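# Structure for the following, please:
(chains A and B)
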Amino acid sequence: MLNIGGLNEGVVIDHIQAGGAMKIYEYLNLEKLDCSVAIIKNARSNKMGKKDIIKIEGPFDVDLSVLGVLDHKITINIIKDNEIVEKHSLSLPDRVTNIIKCKNPRCITSIEQELPHTFKLTDRENRIYRCIYCESKFKGN
Amino acid sequence: MRHLISPLDLSVEELNHILCLGQNIMKEPEKYAHVCEGKKLATLFYEPSTRTRLSFEAAMLNLGGKVLGFSSADSSSAAKGESVADTIRVISSYADICAMRHPKEGAPTVAAMHSEIPVINAGDGGHNHPTQTLTDLITIKTLMGRLDHLTIGMCGDLKFGRTVHSLINAMVRYPNVRFILISPTELMIPDYLRKEVLDDGNIEYIETDKLEKYMPELDILYMTRVQRERFFNEEDYIRLKDSFILDASKMSYAKKEMYILHPLPRVNEISTEVDNDPRAVYFKQAKYGVYVRMALIMTLLGLDHSVE
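Numbers count the residues shown, from 1 in each chain, chains lettered A, B, ... in the order given. Below you'll find the predicted structure:
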C-alpha cells in the first residue's frame, strides 16, 4: 500500500467512499489552506473494500459535522502528538446552509445569487435533504 | 402571522374551515361585502396570469377591500434587479396581505421569510399553486357534497401538472379516495408521488392510457392541459399535446352524476361540444375559486370570525 507519513498534529478524514475525496476537498475549500494536505484514493479497507482518505496537517478549525450530509460513513480522527485524541462518527444535521447547492434551474436560488442555499433533512432513514425553497431532493452517499 | 405557500400548510381542519367559510360566502355574499373595508391586497405577479390575478382581485373587491400591484416582472422593480426579499419588505408597508406569482420555484417562500404581511403563493413555477387546490376542493365538496369516498380520474399531463400533484396530495388525506391516472407513458405522475404518497399511503390507484375504459367509474374527471412551457423540446410537445381529448362521445360512457373539472385555460383537450353538458363544471369552478380566495383572505387576515 502507498505509504503516506503519519501526522504529528492534524485531522484525518477516513472512510470516505472511494472516489469521493475530491468532492470533500472542494466542499471544505482545502485548496485555500497553506498546510500539507494528502489525498489518498482507493486505499484498501477491510470494511469498505476501497476507500479514500484525506490527511490535513496542523490545527484545522472547521466544522466537519456537515460532512455527514455528503457521506455518512466518514469518520474524523483528530491527531495530537502522533496520537488519535478524538474520533468522531458523523450524524446528519437537521439543516445545512451553503454546503449543498440547489441544482434545480427553476429554483429561485438560480437567479438570486445572494440567497443562502439551505437544505433541511426530510427523511433521516434514507438521508434525504430538500431545498427549503423548491423542495428539490439531495441524497448523499 | 400565517402564510399559504403549499397546500399542505393547512391541516385538514383548517382546510375544512376555509372551505365551509367559502360555501357560506357563496350562499350569502352580501353579508361579506364589507369585511375587508380599509384593507389592501397587493398582487405581485412576476409573470402574467390574468385569470389568477383577476380572481384574487375580484375576491378582495367583493370583500370591500382595495387592490394594488403589478402584472409582469417588466413593470416591477425586478426589472431593475431588486430581490424578492427587498420587494416584499417594501410592499409590507403598502398593503395588508399579498398574493405572489413567480416563475421561479420557492420565490414565495423567500417572500414569506422577509414579510410582515401574510403571503399567499399564487403559483411558483411548476412547484405549488395552493389556491388552485383550494378551488378544486371547494368545487368537489360543493357539487359532490363530500371529499371522501370518491373515484377521481386525472387526465392529461400528470408529470408536469402541478395542480394534479397538489390535488392528489390534498385528497389522500380523506378516506376512501381512489385515483385513475390517465396519461401517455411520457406524462405519467412523477416517481416520488407514486412511491411516497400513493404506495406508502396505501392509496388505491390505477395508471392507464385508456380514458373510455375507466370513464364509467369516475365521480370526478380532472382534465389538464399539456403545457408548452413545461417542455424543453418542441417536438415532444407537438407529439403529446393532443393525446387525450375529451369529447361528447367519450362523455357518453360517463355516469350521470359526475363532474368534469379543469384548472383552465383549456386549449383543445376538452372539445367545446362538452361545454353545454351539465357535468362540465370548469367555468363554475373558476367562480368558486373567487369564493374560496375570499375565505382565505379573511382567514389569513384574522377576519374569518367577523361575520356571524
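
# separation between the closest residue to chain A within the stretch 151-300 of chain B and residue A:95?
Per C-beta to the nearest C-beta, residue B:192 is where the stretch 151-300 of chain B lies closest to chain A, at 7.6 Å. (Each C-beta comes from the backbone N, C-alpha and C, glycine too.) For residue B:192, the distance to residue A:95 (C-beta to C-beta, to the nearest Å) stands at 21 Å.

# who's in contact with the residue of chain A found nearest chain B?
Nearest residue of chain A to chain B: residue A:133, at 2.5 Å (C-beta to the nearest C-beta). Going by C-beta atoms under 8 Å, 6 or more residues apart in numbering or on different chains, residue A:133 touches A:102, A:107-109, A:115, A:118, B:105-107, B:109-110.

# Next, format those residues as TSV and append secondary structure.
Shown next, in TSV, are the contacts of residue A:133 (DSSP: H, G, I helix; E, B strand; the rest coil):
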residue	secondary structure
A:102	coil
A:107	strand
A:108	helix
A:109	helix
A:115	coil
A:118	strand
B:105	strand
B:106	coil
B:107	helix
B:109	helix
B:110	helix
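
# Next, give phi and psi for the closest residue to chain A within the stretch 101-250 of chain B.
At 2.5 Å from chain A, residue B:106 is the closest residue in the stretch 101-250 of chain B, using C-beta to the nearest C-beta. Per-residue torsions, residue B:106: phi 100, psi -10 (degrees, to the nearest 10).

# what's the burial count for it?
30 (other C-beta atoms under 10 Å in any protein chain shown).

# confidence score at it?
Note for residue B:106: predicted pLDDT of 96.

# host element of the closest residue to residue B:23 other than its chain neighbours?
Excluding its sequence neighbours, the residue lying closest to residue B:23 (C-beta to C-beta, 6 or more residues apart in numbering or on different chains) is residue B:142, at 6.2 Å. According to DSSP states H and E, residue B:142 maps onto helix B:130-144.

# Any stretches of the stretch 151-300 of chain B with poor pLDDT?
For the stretch 151-300 of chain B, the stretches flagged by pLDDT under 70 are B:229-232, B:241-243.

# for chain A, what are the nearby residues on it?
For the stretch 151-300 of chain B, the contact set with chain A under C-beta under 8 Å from any C-beta of the partner chain comprises residue B:192.

# what ranges do the helices span in the stretch 151-300 of chain B?
Using DSSP state H, counting those that start in this stretch, the helices of the stretch 151-300 of chain B run over B:162-171, B:191-192, B:211-214, B:234-240, B:248-251, B:282-300.

# and if you look at chain A?
Counting by DSSP state H, residue ranges of the helices within chain A are A:21-27, A:67-70.

# Any chance of CSV for the contacts of residue A:133, columns distance to residue A:58?
Supplementary listing: the contacts of residue A:133 in CSV, determined by distance: C-beta to C-beta, whole Å:
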residue, distance to residue A:58
A:102, 33
A:107, 38
A:108, 40
A:109, 34
A:115, 34
A:118, 31
B:105, 43
B:106, 40
B:107, 44
B:109, 41
B:110, 40
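
# Kindly report the residues of chain A close to chain B.
A:104, A:106-112, A:114-115, A:131-135, A:137.

# ChimeraX command to pick out the buried ones of the residues you listed?
Only the buried members of the residues of chain A next to chain B end up in this ChimeraX selection, burial being decided by 16 or more other C-beta atoms under 10 Å in any protein chain shown:
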select /A:104,106,107,108,109,110,111,112,115,131,132,133,134,135
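
# what's the neighbour count on residue 6?
By default, I'm working from chain A. Residue A:6 is flanked by 10 other residues according to other C-beta under 10 Å.

# let's do chain B instead
So residue B:6, with other C-beta under 10 Å, has 19 neighbours.

# Spatially central residue for the chain, please.
Since you didn't name a chain, this refers to chain A. Among the residues of chain A, the one closest to the centroid is residue A:67, at 3.1 Å (C-alpha atoms, centre = their mean).

# I was after chain B.
Closest-to-mean residue, chain B, C-alpha atoms, centre = their mean: residue B:132 / 1.1 Å.

# Quick check: end-to-end length of stretch B:237-257?
33 Å (C-alpha to C-alpha, to the nearest Å).

# follow-up on the earlier one: contact partners for the closest residue to the residue of chain A closest to chain B other than its chain neighbours?
Spatial nearest neighbour of residue A:133, chain neighbours left out: residue B:106 (2.5 Å); criterion: C-beta to C-beta, 6+ apart. Residue B:106 makes contacts with A:107-109, A:131-135, B:124, B:127, as judged by C-beta under 8 Å, 6+ apart.

# For stretch A:80-96, list every residue counted as buried.
For stretch A:80-96, by 16+ other C-beta under 10 Å, it's A:90, A:92-93, A:96.

# what separates it from the chain centre, distance-wise?
Chain-centre distance of stretch A:80-96: 11 Å, with C-alpha atoms, centre = their mean, to the nearest Å.

# thinking again about what came up before, show the contacting residues for the residue nearest to residue B:23.
B:23, B:26, B:288.

# swap in residue A:78?
When contacts are counted by C-beta under 8 Å, 6+ apart, residue A:78 touches A:11, A:84-88.

# swap in residue B:210?
Residue B:210 sits next to residue B:182 when contact means C-beta under 8 Å, 6+ apart.

# go with 6 Å
With contact set as C-beta atoms under 6 Å, 6 or more residues apart in numbering or on different chains, residue B:210 has no partners.

# So which bits of stretch B:34-41 are buried?
B:35-36, B:39-41.

# can you list the helices of the stretch 151-300 of chain B in CSV and add distance to residue B:151?
Shown next, in CSV, are the helices of the stretch 151-300 of chain B (distance: least, C-beta to C-beta, whole Å):
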stretch, distance to residue B:151
helix B:162-171, 11
helix B:191-192, 23
helix B:211-214, 9
helix B:234-240, 25
helix B:248-251, 16
helix B:282-300, 19
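
# do you know which of those lies nearest residue B:98?
The closest of the helices of the stretch 151-300 of chain B to residue B:98 is helix B:282-300. By C-beta to C-beta, the value is 10.1 Å.
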